[in-house]
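[1] whatever this is, show me its structure:
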Amino acid sequence: MKKLIKVILICLAAILSLLLVAIIALPFIIDPNDYKPKIIELVKDRTGRDLDIPGQIDLSVFPWLGVKLGKVELSNAKGFGEKPFAKINAVDVRVQLLPLLKKDIQVGHIELDGLQLDLQRDANGNTNWDDLIKPRKKPAVPKSKTGNGVQLAGLAVGGVSIRNAYVSWNDRQNNQSIAIESFNLDTESISGDRPVAIKLDTHFVGKKPDISGQLKFKTTASVKTKQQLFTFNNLQLSSQLQSPDLFTKNLDIKLTSDKLVLNQDKQTLHTKNLQLTSMGLKLYASGQVTQLNKQPRYQLSITSDAFSFKSFAQQVGLSLPPTADKSALTNIKLSSKLTGGMNNVSIKPLSIQLDDSSLNGHVHVTSFKQPALSYKLTVDNIDADRYLPQANRGSAKKPATPATAATSSSTIVPINLLRRLQLAGDLKINALKLKNARSKNINITSNVKNGVLRLYPLTAQMYEGNYKGNVQVDVRGKSPHYSMNESLSNINIGPLLKDVWGDDKIQGKANLNAKLTARGNDPMSIRKTLNGNASFRFENGMVKGINIAASLRKLEAKLKGLQTPKETGPLQTDFTEIKGTVQVTNGIATNNDLTAASPYIRVNGKGSANLINETLDYTVYVKYASTAKGQGGISYAQIDKTPLPVKIKGPFSKPSISVDYEYVLKSLAEEKIEKKKTEAKEKLQKKLEEKLKIDEKLKDILKF
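    Below is the predicted model:
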């Protein structure tokens, strides 16, 4: 029995030895290069393309079953040029033979050198790989009697190395191109679910837009084949980009993520602690993307560290006008949640820290193709003067005028955007400072549809009163057309003028109403085409710059030839009411019915205000009530009811006020002359009448 076993073992050993010798000798007996024509013919038959194998094919069997290929080229699709579709310099693939016999696939380190892919799309949208992915009829495969396929005991790859790969993409339909150059990829050994370290680096060049740069990527990946689950841990991507079309300086981008999971079965992508760093901006995101193979949908939470928008804008080539406050736009923080798809997004909640101001609310964009959005936003408080150009700021010492603003402003309304935009929203501002004027509880309701913007209702509280407005901008024509219906009620006008112009020339409660229209897309054009009407009423206040009572006393002294009295009271005139209407024609505001009243004066006025060059030409006519007491308790007599003209001329910001005493003196002198003439005429008439009576009596006497 022992001998039999021994003989069997010897026989088996001999057979195995012969088999081993045969396997080792096989590559020396069979030359795989002899099968090149057959391989080329098979590729031609299956794809219709030409395969060229100028390089050597080396075959190995033991202990590794493998193949080494030299240069290989696959021709391009018809109509896409003579350049090969694919080309490689060398490929080395090996599988351990003995584990393979046990259905355990142990692949060695796969090496691919000099891969070149030429990917194209023609003007009609056809690609040069369409013919390779067209479904083909598969021969019927008989069902296994056992019902079970081949079960692998294991699968492992010793790693993958790709060196000096080049992939070009030329899209003639969109006139774009990009080339990935010097592509290098290295992985650790791949076995089952074990995590695999991956490293990648490449250089790329693109046109329209012109862009180039370096890209480096590394991560640790794991794959669960049955679940089609791909997990990338500690993902790191960095890139340095150059593009004269997109930004002024080299752009450094760094993207990291603790974990990124792709579920190919469910078509979802999850990310955790994604961080983007670029141009002084740090963004943090977590969330997911679903429906990857259909219409992708995303849900993301995004926050940022504080950053300077000025610095960011400069690096991306965005030109910003200089701000009055150099520190403006240098402390921005974002926090929001985004939900949407490729053509829409919902940003709710949205929180933005803008320097010392906070904006909160939500924004919904229902369409990117034809912009359509809605919003509801609240700003706690904002000093808008910080963000205006220096020349436009309101200042108490040197107020910025609209004329100054017009010379430095460009277009006001984005015409093309408004023609396409659909918008509905509400904005609330708790406190606002603009052109040095202060207001609070501002509510602005905006609607844009079919090229018409309407701001209604517009409400605000300011200077102890209220503002209401209804503003419409129509951009359907060649230039924007504006219509405005606005009112101010119970406004404390003195502090308002003090803040805006630096001088409270008028004090009291103001009520103003205006209905105006205009055309144009810059401040000067709007003022030149401003038309409409307005009304105003000021109650229980004063006008600074002139003391009417003092002017009376001076006039009285002049008339009596006395020394002009020295006045010690304030240079102002009290009034109980000032009211009137204004007609505006092409930027010229005219008023001919001003009336003002106080306990001791009555005032009428007329004149004009040129809104184009911001100048006044106005005259107020003052009449005094008899036996009244003026400011300071000094009595004065009526002066023949002759009005005293007060002329107001000059720029809005600093008008000059003067009293025309000469007009009164001249008028009174003329009146005296006329009076004496009248008296002389009356005396002469009386004498003539007396003489006529004497003559009549003489005639009667002579008759006798």
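
[2] need the next SSE after the helix or strand bottoming out on mean pLDDT in the chain, C-terminal direction.
    Lowest mean confidence among the helices and strands of the chain (mean pLDDT, DSSP states H and E): helix 402-408, at a mean of 36. Sequence-wise, the next helix or strand downstream of helix 402-408 (DSSP states H and E) is helix 415-420.

[3] contact partners of that following helix?
    Taking contacts as CB atoms under 8 Å, 6 or more residues apart in numbering, the residues outside helix 415-420 that touch it are 370-371, 448, 451, 453, 473, 475-476, 480, 521. For glycine as for every other residue, the C-beta is placed from the backbone atoms N, C-alpha and C.

[4] need the contact list for the nearest residue to Gln291 once chain neighbours are set aside.
    Closest residue to Gln291 apart from its sequence neighbours, by CB to CB, 6 or more residues apart in numbering: Arg297 at 5.3 Å. Residues near Arg297 by CB under 8 Å, 6+ apart: 289-291, 339-341.

[5] list buried residues within these.
    With burial judged by 16 or more other CB atoms under 10 Å, the buried subset of the contacts of Arg297 is 289-290, 340.

[6] from these, which ones fall inside strands?
    Judged by DSSP state E, strands contain the following of those: 289-290, 340.

[7] in CSV: those residues, plus distance to Thr568 and pLDDT.
    Listed next are these as CSV, based on distance: CB to CB, whole Å; pLDDT from 0 to 100:
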residue, distance to Thr568, pLDDT
Val289, 81, 95
Thr290, 83, 95
Gly340, 73, 95
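
[8] ok, back up a step: for the residue nearest to Gln291, give its distance to Leu255.
    22 Å (CB to CB, to the nearest Å).

[9] what does Ile178 give?
    19 Å.

[10] what's the answer for Val196, then?
    Where Leu255 is concerned, Val196 sits at a distance of 20 Å (CB to CB).

[11] what sits against Arg49?
    43, 74-77, 85.

[12] do the same with Lys208
    Going by CB under 8 Å, 6+ apart, Lys208 touches 175-177.

[13] so when I look at Tyr35, I'm seeing a helix, right?
    Yes: assessed by DSSP: H, G, I helix; E, B strand; the rest coil, Tyr35 belongs to a helix.

[14] neighbours around it, how many?
    Applying other CB atoms under 10 Å, we find 14 residues neighbouring Tyr35.

[15] and the helices in this protein?
    Secondary structure of the chain (DSSP state H): helices at 2-29, 36-47, 97-101, 130-133, 309-315, 402-408, 415-420, 493-501, 523-528, 548-560, 661-703.

[16] need the residues that contact the fourth one.
    Yep, that's helix 130-133 we're talking about. 47-48, 77.

[17] list buried residues within those.
    Among those, those classed as buried by 16+ other CB under 10 Å are Ala77.

[18] considering the contacts of helix 130-133, which is situated nearest to Ser358?
    Nearest to Ser358 among these, counting by CB to CB, is Ala77 at 57.8 Å.

[19] tell me the contacts of that closest one?
    Contacts of Ala77 (CB under 8 Å, 6+ apart): 49, 85, 128-131.

[20] go again with 10 Å.
    Ala77 sits next to 47-49, 85, 120, 122, 126-132 when contact means CB atoms under 10 Å, 6 or more residues apart in numbering.

[21] ok, Asn381 next?
    Counted by CB under 10 Å, 6+ apart, Asn381 has contacts 356-358, 429-433, 440.

[22] just the ones of these in strands?
    Reading strands off the contacts of Asn381 with DSSP E, I get 357-358, 429-433, 440.

[23] phi, psi for Pro322 please.
    Per-residue torsions, Pro322: phi -60, psi 140 (degrees, to the nearest 10).

[24] so what's the residue count around it?
    Count around Pro322 with other CB under 10 Å applied: 11.

[25] is it in contact with Arg386, as I believe?
    No: Pro322 is beyond contact range of Arg386, at 11.8 Å (criterion: CB atoms under 10 Å).

[26] what do these two both touch?
    Common neighbours of Pro322 and Arg386 (criterion: CB under 10 Å, 6+ apart): Ala328.

[27] thinking again about what came up before, ok, and the most crowded of the contacts of Arg49?
    Phe85 (21 neighbours).

[28] ok, and the closest non-adjacent residue to that residue?
    Asn76 (4.4 Å).

[29] in the stretch 501-650 of the chain, where is pLDDT below threshold?
    548-549, 552-553, 555-556, 558-561, 567, 599-600, 624-641 (pLDDT under 70).
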